[in-house]
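# Please work out how this folds:
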Amino acid sequence: MPKRAGSADLPLHGGRVPPWLAERMTRLGAVISQAIVHHYGRDELLRRLAHPFWFQSFGAVMGMDWHSSGITTSVIGALKRGLTPLAGELGVHVCGGRGRHSRKTPDELVAVGERIGADGAALARASRLVAKVDSAAVQDGFDLYLHGFIVTDEGRWVAVQQGMSDTRRQARRYHWLSEDLESFVDAPHAAIEGRGQGQIVNLADRRAAASRSAQVTLLADLGPDGVAREIAALDRAADLRVGRAAGRAPPCGQQPLLPHLVLPDHHEVRAEDVIPRRLHGALAAAAEQGPTDFAELLLVPGVGARTVRSLAMVAEVVHGAPCRFTDPARFSLALGGKDRHPFPVPLKVYDQTLRVLKDAVEHARLGQDERLQALKRLDDQARRLEREATGPSVDAYIAGERAASHTLGGRSIFGWEPPPDQDLDVIRSPAP
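Just a heads-up that it's a prediction; the model follows:
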């Protein structure tokens, strides 16, 4: 049975992902998903997608804005494009999306059920219930506009949906996981991502069980007109109490806390957004492994030190435990961001990282696991070294990346990165 897994509050950003990045995100998202399924199985991929901190880190390592609402749309879109051609082999099916695509989700799930021999009607019902809970049972001021539903051949699923509040300029992401969900209306979420906005109506809270039961009874006993009369009577009684001292409500019972990610409004990556020892561990592992030795190990020519640093962070996305993703901004330091924060996307590094990962996954499919295991050893090494490793400050690391950006094929929505001696004021408007 499913459960809600967690949530996230994110600054609301507009704009589109440029084609040169969208195509790379599609390939990188697919190959990371393949590596996770190879090492840990399909259920683990669903658990990762249901965890709001991992999901944000996953989007950040692919070159999206590390803190914005756009990560949700771009990750779901990249996975749908990248995993759909692999669905027969991988056993993972991505449905839904933003706007009109979200409304097609039930029909897509019925079609998936027919292909894999699962109960497509039940999956479609689950999709509708998930959307209804987060749009009607949870009234928190965020209107849903995105609904992604990812299901495996075994019929297990994860749902990721997002709502927006134009007045607050914020988005809230909701995560669901079919594993261990006992009820769609009694504390079902795996996570909800969002900043606290004061008191909200949440009829999916297990403490609201009496209210849900009373509402059903009222509707059955009184009918819609009778309910309207009761509400009018309550309003009149409330008017009579205006100005009177109100007694304090008894404290609510405790309920289990879900993973809840709240990201700041500032666009730039700041030192306080990154845990330095984890960054230094990845840098030290990349340096100690040695670019020449690592390239020979993976049999991919031309892998330099910068690519190994990127691979160390990507390897953590594949292998890291949930507690490793409390600072999703750190993963933007692997391949930058499309809006030039923390630095332009280094396309030469991005493409080399993709080649290494794709090569490792393709060999693993043939039973030659050594290259994927090499990436796991890189991640293991980073965790060991972070206890004692030292390195540059976050600001110094970002400054170094920006200085080298032109030589690494740096690109952003503002265009190609100019040489360091060129005035950056020439970058005035986004390029296509």
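
# Looking at the record's assignment, how would you partition this structure?
Residue ranges of the domains in the chain are recorded as 3-205+255-262, 271-426, according to automatic domain parsing.

# Just name the most buried of those.
Comparing these by mean neighbour count (mean count of other Cβ atoms under 10 Å), domain 3-205+255-262 comes out on top with a mean of 20. Bear in mind the C-beta positions are built from the backbone N, C-alpha and C, glycine included.

# give me the low-pLDDT residue ranges for the stretch 201-350 of the chain?
By pLDDT under 70, the low-scoring segments of the stretch 201-350 of the chain are 201-257, 289-299.

# what about the helices in it?
Per DSSP state H, counting those that start in this stretch, the stretch 201-350 of the chain has helices spanning 209-240, 276-289, 291-298, 305-319, 332-335, 347-365. These are given in chain order.

# average pLDDT across the following helix or strand past the last one?
Later in the chain than helix 347-365, the nearest helix or strand by DSSP states H and E is helix 370-385. Along helix 370-385, the predicted confidence averages to a pLDDT of 91.

# So what angle separates the directions of helix 370-385 and helix 305-319?
Per axes from the mean of the first three to the mean of the last three Cα atoms, to 10 degrees, the angle that helix 370-385 makes with helix 305-319 is 90 degrees.

# what's helix 370-385 packed up against?
Packed against helix 370-385, as judged by 3 or more Cβ pairs under 8 Å, 6 or more residues apart in numbering; DSSP states H and E, are the following elements: helix 19-40, helix 276-289, helix 291-298, helix 305-319, helix 347-365.

# Tell me which of those sits nearest to residue 408.
Among the helices and strands packed on helix 370-385, helix 347-365 comes nearest to residue 408, with 5.1 Å by Cβ to Cβ.

# Just the residues contacting the closest one, thanks.
20, 24, 27-28, 31-32, 34-35, 38, 63, 298-300, 302-304, 306-307, 310-311, 314, 334-335, 369-372, 374-375, 408-411 (Cβ atoms under 8 Å, 6 or more residues apart in numbering).

# how about a cut-off of 6 Å?
Under the contact criterion Cβ atoms under 6 Å, 6 or more residues apart in numbering, helix 347-365 has outside partners 24, 27-28, 31, 34-35, 38, 298, 300, 306-307, 310-311, 335, 371-372, 408-409, 411.

# Skip the chain neighbours and tell me the closest residue to the residue nearest the centre of the chain.
Taking Cα atoms, centre = their mean as the criterion, residue 55 is the residue nearest the geometric centre of the chain, at 2.5 Å. Here the nearest residue to residue 55 in space, its sequence neighbours aside, is residue 49; by Cβ to Cβ, 6 or more residues apart in numbering that works out to 6.0 Å.

# Would you mind measuring from that neighbour to residue 29?
Counting by Cβ to Cβ, to the nearest Å, the separation of residue 49 from residue 29 is 11 Å.

# Same question for residue 153.
19 Å.

# Please apply the same query to residue 112.
Relative to residue 29, residue 112 is positioned 19 Å away (criterion: Cβ to Cβ).

# re the thing from before, next, give phi and psi for the residue nearest to residue 55.
As for residue 49, its main-chain torsions (degrees, to the nearest 10) stand at phi -60, psi -30.

# Run a quick check on it versus residue 158, I expect a contact.
Yes: the pair formed by residue 49 and residue 158 meets the contact definition of Cβ atoms under 6 Å, at 4.8 Å.

# Tell me which residues are up against stretch 31-38.
Residues outside stretch 31-38 that contact it (Cβ under 6 Å, 6+ apart): 45, 90, 318, 357, 358, 361, 364.

# which residues in the stretch 1-150 of the chain form strands?
With strands called from DSSP state E, counting those that start in this stretch, the stretch 1-150 of the chain shows them at 3-11, 92-98, 138-139, 143-152.

# looking at the ones you listed, which one has the lowest mean pLDDT?
The stretch with the lowest mean pLDDT among those is strand 138-139, which comes in at a mean of 66.

# residues touching residue 340, list them.
Contact criterion Cβ under 6 Å, 6+ apart gives residue 412 as the residues in contact with residue 340.

# quick one: it from residue 36, how far?
Distance from residue 340 to residue 36, by Cβ to Cβ: 29 Å.

# what's the answer for residue 304, then?
From residue 304 across to residue 36, the span is 26 Å (Cβ to Cβ).

# same check, this time on residue 149
Between residue 149 and residue 36 the distance is 19 Å, computed by Cβ to Cβ.

# Repeat that for residue 30.
To residue 36, residue 30 is 11 Å away according to Cβ to Cβ.

# So for residue 118, what's the nearest residue that isn't a sequence neighbour?
When the adjacent residues along the chain are set aside, residue 118 lies closest to residue 155, with 4.3 Å between them (Cβ to Cβ, 6+ apart).

# Just read off the phi/psi values of that neighbour.
Here the main-chain torsion angles of residue 155 (degrees, to the nearest 10) amount to phi 90, psi 0.

# just the one 5 residues further on next, same as before
With angles defined as degrees, to the nearest 10, residue 160 shows backbone torsions of phi -130, psi 120.

# doesn't residue 148 make contact with it?
Yes: between residue 160 and residue 148 there is a contact under Cβ under 6 Å: 4.6 Å.

# what sits in contact with each of those two?
Contact criterion Cβ under 6 Å, 6+ apart; no residue bridges residue 160 and residue 148 by contacting each.

# got the contact list for residue 392?
When contacts are counted by Cβ under 6 Å, 6+ apart, residue 392 is found next to no other residue.
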